[in-house]
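Asker: Sharing a model that was predicted from the sequence below.
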Amino acid sequence: MKFAHFSHVWNKAGMSPHQRYEQEWREIQLCDELGFDYAFCVEHHFRPDESWMSAPSLFTAAAGAKTKNIRIGAMGYIVGLYNPLRLVEEIAIADQMLGGRLEIGLVPGINPAYFEPFGESWEDRKSPTLEFVDYLRTAYGGQQPFSYHGENYHTDDALISVQPAQQPHPPLWMQSRDEKTLEFCARNGIHSGYFLVFPRHLARPVYEKFVADWKKAGWDHKPNIAYSTLVYVDETDEKALEVAKARSARAYAGFLPPREGDETFEELLEKYVDAYRRRGDLKTIETRLKIFDADYLIDNDIVFIGSPETVARKLKEASTTGMFNSFMGEFNFSDLEEEDLMRSIRLFGEQVIPALRDHEPF
């Protein structure tokens with residue numbers, strides 16, 4: 001298995017953005033020292049009450065300057081918000097700054113509110129995201145200057161000043177549970193994964209097909225399939241639950257719509273769920289409704305909270321059931337104190353990772 005420090009870079013009460021970023025680097029530096037494989041961030045926009053990370057390239061450059069070995073990337077770039085030529089230039093420079101440690105996550109973007117201020121179309125976001133893979137490979141190909149003419153992108157005679165350190169390009173990821181998207185990923189050798197709201201027993205048949213398609217495509221290595229959720233490790237189960245159980249129920253409060261007037265929590269939750277209900281995403285409704293219920297999260301092992309032994313055991317079971325071989329743990333959530341946060345990361349790195357490093361879920 002492989003292991004990532006995954007971060008929404010949530011805002012923190014009493015911290016300025018600068019202080020929050022400095023804390024982020026301390027977390028990732030410790031992960032680097034402990035042998036974590038990856039450090040990933042999201043790309044979110046226009047919610048100062050939620051995430052403070054809207055510039056993934058800056059994240060990768062800053063995190064890379066603080067570390068030596070850990071691989072770093074966005075999970076992922078919201079492709080539809082970028083000029084494609086500008087994005088391939090940024091990616092190449094970031095990979096060179098990192099000395100070839102960049103990972104590239106690409107996402108279409110789930111929130112329409114990210115698109116409107118940029119004047120971009122949320123409804124048409126998927127096609128350019130998929131096409132960008134071909135654009136990127138053309139931009140980093142042997143023909144320079146390069147030209148590209150596709151359905152969404154048109155470029156003539158562009159000469160890339162800096163090529164990526166990794167050839168032909170850094171590894172690609174596209175988190176998805178959509179059948180057609182996963183078929184595209186398998187054909188193109190793109191890693192994938194899913195978030196905690198997709199039940200693992202439903203995920204297994206989806207990713208079994210992905211792995212089968214991957215093999216049919218002729219790739220000589222396994223894909224990375226990631227699972228992203230909260231994790232907190234402490235010396236004992238009792239201490240871990242005391243510190244993190246209630247906080248786990250508040251971890252994703254930023255996913256709710258911004259409060260308008262005197263709206264109640266229940267009203268915000270209904271607006272949040274209704275958006276998925278309207279687009280037909282019914283398989284995850286139960287988990288989305290219960291994402292703020294600590295007992296449900298703990299009892300169903302949707303988050304992993306406990307001693308190193310407990311977390312390692314639960315992760316091993318979950319990875320087998322849910323067919324994931326990469327774990328993206330969100331360690332910093334809610335108002336977790338830094339002392340607890342860093343102890344959790346250290347215990348995970350020193351005891352959980354060694355217990356699972358040789359585990360192969362598929």
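Answerer: Received it, and whenever you're ready, just let me know what you need.
Asker: Leu159: how many residues sit nearby?
Answerer: 7 (other Cβ atoms under 10 Å). Every residue, glycine included, has its C-beta placed from N, CA and C.
Asker: In space, what's closest to it - neighbours in sequence excluded?
Answerer: Once flanking residues are discounted, Leu159 sits nearest to Pro145: 4.2 Å by Cβ to Cβ, 6 or more residues apart in numbering.
Asker: Thought Ala158 was touching the one you found, still the case?
Answerer: Yes - Pro145 is within contact range of Ala158, at 5.6 Å (criterion: Cβ atoms under 8 Å).
Asker: just to revisit the earlier point, for the residue nearest to Leu159, what are its contacts?
Answerer: Taking Cβ atoms under 8 Å, 6 or more residues apart in numbering as the contact definition, Pro145 lies against 157-159.
Asker: and the lowest-mean-pLDDT helix or strand in the chain, what does it pack onto?
Answerer: Least confident helix or strand, the chain: helix 285-289 with a mean of 81, by mean pLDDT, DSSP states H and E. When contacts are defined as 3 or more Cβ pairs under 8 Å, 6 or more residues apart in numbering; DSSP states H and E, helix 285-289 packs onto helix 265-278.
Asker: Which parts of the chain are strands?
Answerer: Ranges of strands within the chain are 2-7, 38-41, 71-78, 102-107, 146-149, 154-158, 172-173, 192-195, 225-233, 304-306, 326-330, based on DSSP state E.
Asker: could those go into a markdown table alongside distance to Asp262, mean neighbour count and mean pLDDT?
Answerer: Shown next, in a markdown table, are the strands of the chain (distance: least, Cβ to Cβ, whole Å; neighbours: other Cβ atoms under 10 Å; pLDDT from 0 to 100):
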| stretch | distance to Asp262 | mean neighbour count | mean pLDDT |
| --- | --- | --- | --- |
| strand 2-7 | 32 | 24 | 98 |
| strand 38-41 | 34 | 26 | 98 |
| strand 71-78 | 32 | 25 | 97 |
| strand 102-107 | 34 | 24 | 98 |
| strand 146-149 | 51 | 14 | 98 |
| strand 154-158 | 49 | 12 | 98 |
| strand 172-173 | 41 | 24 | 98 |
| strand 192-195 | 31 | 23 | 97 |
| strand 225-233 | 30 | 25 | 98 |
| strand 304-306 | 33 | 25 | 98 |
| strand 326-330 | 31 | 24 | 98 |
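Asker: got JSON lines for these, with distance to His18 too?
Answerer: Below are the strands of the chain laid out as JSON lines (distance: least, Cβ to Cβ, whole Å):
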{"stretch": "strand 2-7", "distance to His18": "16"}
{"stretch": "strand 38-41", "distance to His18": "16"}
{"stretch": "strand 71-78", "distance to His18": "20"}
{"stretch": "strand 102-107", "distance to His18": "24"}
{"stretch": "strand 146-149", "distance to His18": "39"}
{"stretch": "strand 154-158", "distance to His18": "36"}
{"stretch": "strand 172-173", "distance to His18": "29"}
{"stretch": "strand 192-195", "distance to His18": "29"}
{"stretch": "strand 225-233", "distance to His18": "25"}
{"stretch": "strand 304-306", "distance to His18": "30"}
{"stretch": "strand 326-330", "distance to His18": "21"}
